[in-house]
Every structure is written in structure tokens, then in C-alpha cells.
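Participant: Any chance you could fold what I've pasted below:
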Amino acid sequence: MIRTTAPSSVRKGAALAGVAGLLVLAGCSGTADAENDTSTDTGTDTSTESSDAGASGDYADGTYTADGSYQTPETVETITVTLTVADGVVSEVEVTGDPQARETEQYQGQFIDGISDEVVGKSLDDIEVSRVAGSSLTSGGFNEAVESIKEQAAA
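Facilitator: Sure thing, here's the model as predicted:
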């Protein structure tokens, strides 16, 4: 006998996989919306991070470098963050990446172009970004690197 329909367990599994795929893609979309919401998201994260500021100590002046990684739908990406800190305030930032996917190159470039405006002049304790110039995933790697830099700079 030839079966013309799939078993219900196969249909349910395919439907769940399809929904999961849509959720992953939805998280990657909306660069125009992301650019419009950048100041709102960053402000929210900054105030949340400020509540943790009392738990940390002073930071030694200097230039610190750390790597951060983040997951994209295609691969795991890595960026290198270099921060110059003076009196606990970020005076300079440099971010470099080695994108493995073509789309990642675009988002990392947008992130690198916009990150200086988000962190220079701010206290190291107040830095935690969620979305910069339409790039939300790169922020995860940046925040990971900043945490490592805080540990390095702790006096």
C-alpha cells in the first residue's frame, strides 16, 4: 500500500521546526527598526547596568583587550575589543572582527562604525549595549569582552 499522507508525529515535528526557524529569522531582522530604537535600548541597558556599579571597584587606567564571541544562525563569530580607560571612563574604543559569514561582515561593520558613540565618555561600569546601528548579535560578543576587560582593569 502506498501512503499519501505523513504520520501526525512527522507533521507536528515539521511544524515545530518551521516555527523555530521563523523565530530565529525574526530575531535577525529589522535593521531599520533597530537603528531607530538604538538610543532607547541602550538607555534601558545602561540604567540596568548602573545598579550593579556599586558592586565593582575602581579600575586602573590603561588599555585593555579581550575577545568576545556570539552565535549567529550560521556560525559562532568572534570580535576583539580594545578599550582605553582613564579614571574609570572609556576614552577610546576599537573593535575588530573576522567575520565568517557574508551577512556577519555587514553587521560587524555597522557595529564597529557606531560603537564609539555608545561607549566613549561613559563609565566602564555603565557599558552594556544591546543593539548598535542595527546589529544586535554583535553586542553579545562586545558585552562578553567588556566583562573580561572589567576583570583585567579591576584595581
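
Participant: Please pull up the helix or strand immediately following the helix or strand residue 115 falls within.
Facilitator: For residue 115, the host element (DSSP states H and E) is helix 102-119. Later in the chain than helix 102-119, the nearest helix or strand by DSSP H and E is helix 137-153.

Participant: With just CA atoms, put that next one into PDB.
Facilitator: Extracted in PDB, the C-alpha atoms of helix 137-153 (Å, rounded to 0.1, in the frame of the first residue of the first chain):
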ATOM      1  CA  LEU A 137      24.000  39.900  17.900                       C
ATOM      2  CA  THR A 138      27.500  41.500  17.800                       C
ATOM      3  CA  SER A 139      26.500  43.300  21.000                       C
ATOM      4  CA  GLY A 140      26.600  39.900  22.900                       C
ATOM      5  CA  GLY A 141      30.300  39.400  21.900                       C
ATOM      6  CA  PHE A 142      31.100  43.000  22.800                       C
ATOM      7  CA  ASN A 143      29.500  42.700  26.200                       C
ATOM      8  CA  GLU A 144      31.400  39.500  26.900                       C
ATOM      9  CA  ALA A 145      34.700  41.200  26.000                       C
ATOM     10  CA  VAL A 146      33.800  44.200  28.200                       C
ATOM     11  CA  GLU A 147      33.200  41.900  31.200                       C
ATOM     12  CA  SER A 148      36.600  40.400  30.700                       C
ATOM     13  CA  ILE A 149      38.100  43.900  30.400                       C
ATOM     14  CA  LYS A 150      36.500  44.900  33.700                       C
ATOM     15  CA  GLU A 151      38.200  41.900  35.400                       C
ATOM     16  CA  GLN A 152      41.500  42.900  33.900                       C
ATOM     17  CA  ALA A 153      41.200  46.500  34.900                       C
END
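
Participant: re earlier: pull the residues that contact the helix holding residue 115.
Facilitator: 31, 38, 42, 72, 74-75, 77, 79, 83, 90, 93, 95-97, 99, 127, 129, 132-135, 137-139, 142 (CB atoms under 8 Å, 6 or more residues apart in numbering). For every residue, glycine as well, the C-beta is placed using N, CA and C.

Participant: Buried members of these into ChimeraX, please.
Facilitator: Buried members of the contacts of helix 102-119, defined by 16 or more other CB atoms under 10 Å, are picked up in ChimeraX with:
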select :31,38,42,72,77,79,83,90,93,95,97,99,127,129,132,133,134,135,137,138,139,142
